[in-house]
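Undergrad: Have a look at this prediction, sequence included:
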Amino acid sequence: MRVIAGKYRSRVLKNLRGLKLRPTSDRLRETLFNVIGSSIEGARFVDVYAGTGAVGIEALSRGAAEVIFIEKHATAGNLIRQNLDSLGITSGATLLAVDALRGLEMLQAWRQSKPGYAAEIIFLDPPYAEAKEYERVLRFLGTAGLRAKDGRVIVEHRRDSNLAETLGNLHRVRLLRQGDAALSFYLWNSGVD
């Protein structure tokens, strides 16, 4: 597994065998960042269910100002730290070693205490087998006030998963399928700040 583009291009990232991680494939990661385009530059990016940290590290490599990794499993959290250390990333990265919902609640509290603190891009990649996680976290994000006005939520899921078109104030605007995976892109309904 390698960083695809940007400052850390072609650098190898560690992955643990035997750990039940399903890293986002290089091809899907490339597609994701091609769609995001230049909006990643200077953005605050949240990598929820971060696993190896590959998606968040790709965001940093491509110019994100800050990446918050949310990963509750200690082994995966250590792997993220190792990958950040191996690249010499010492700033702009925060690891929250908590459950996804708890991590997002923490970000919401930070936003309430810091005017202007908001996430422009939130990426979710729960374990495919935990279907309830998708709805649980998307429902929270559909009502939470932790996003930027024009922020978006991007969800990786199985190609054949049926994620809701609308959850709270989130509305899916694009579905992109690639191989056995898919990316759903959600925006907040207009009129929501």
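TA: Everything's here; your move.
Undergrad: chain center to stretch 153-172, what's the gap?
TA: Counting by CA atoms, centre = their mean, to the nearest Å, stretch 153-172 is centred 14 Å from the centre of its parent chain.
Undergrad: now do stretch 182-191
TA: For stretch 182-191, the distance to the chain centre is 14 Å (CA atoms, centre = their mean).
Undergrad: If you count neighbours, what's buried in that stretch?
TA: Buried positions in stretch 182-191, judged by neighbour count with 16 or more other CB atoms under 10 Å: A182, L183, S184, F185, Y186, L187, W188. No exception for glycine: its C-beta is placed from N, CA and C like everyone else's.
Undergrad: Could you pull up the mean pLDDT of it?
TA: For stretch 182-191, the mean pLDDT works out to 81.
Undergrad: I'd like the numbering to begin with 889 instead of 1 from here.
TA: Taking 889 as the first residue, the last one we looked at is stretch 1070-1079.
Undergrad: ok so, going back, return the member of the buried residues of stretch 1070-1079 nearest to G941.
TA: Nearest to G941 among the buried residues of stretch 1070-1079 is L1071, at 18.3 Å by CB to CB.
Undergrad: tell me the contacts of the closest residue to that closest one other than its chain neighbours?
TA: Leaving out its chain neighbours, the residue that sits closest to L1071 by CB to CB, 6 or more residues apart in numbering is L1064, at 4.7 Å. L1064 is in contact with T919, V923, A1070, L1071, F1073, counting by CB atoms under 8 Å, 6 or more residues apart in numbering.
Undergrad: Check the residues you listed and tell me the two furthest apart.
TA: Using CB to CB, the contacts of L1064 span at most 12.4 Å, a distance reached by V923 and A1070.
Undergrad: and stretch 932-939, C-alpha only, in CSV?
TA: Extracted in CSV, the C-alpha atoms of stretch 932-939 (Å, rounded to 0.1, in the frame of the first residue of the first chain):
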residue,chain,number,x,y,z
ARG,A,932,-9.9,20.0,7.6
PHE,A,933,-10.4,16.3,6.8
VAL,A,934,-11.9,13.7,9.2
ASP,A,935,-11.0,10.0,8.6
VAL,A,936,-13.6,8.0,10.6
TYR,A,937,-12.9,4.3,11.1
ALA,A,938,-9.4,5.2,9.9
GLY,A,939,-7.9,1.7,10.0
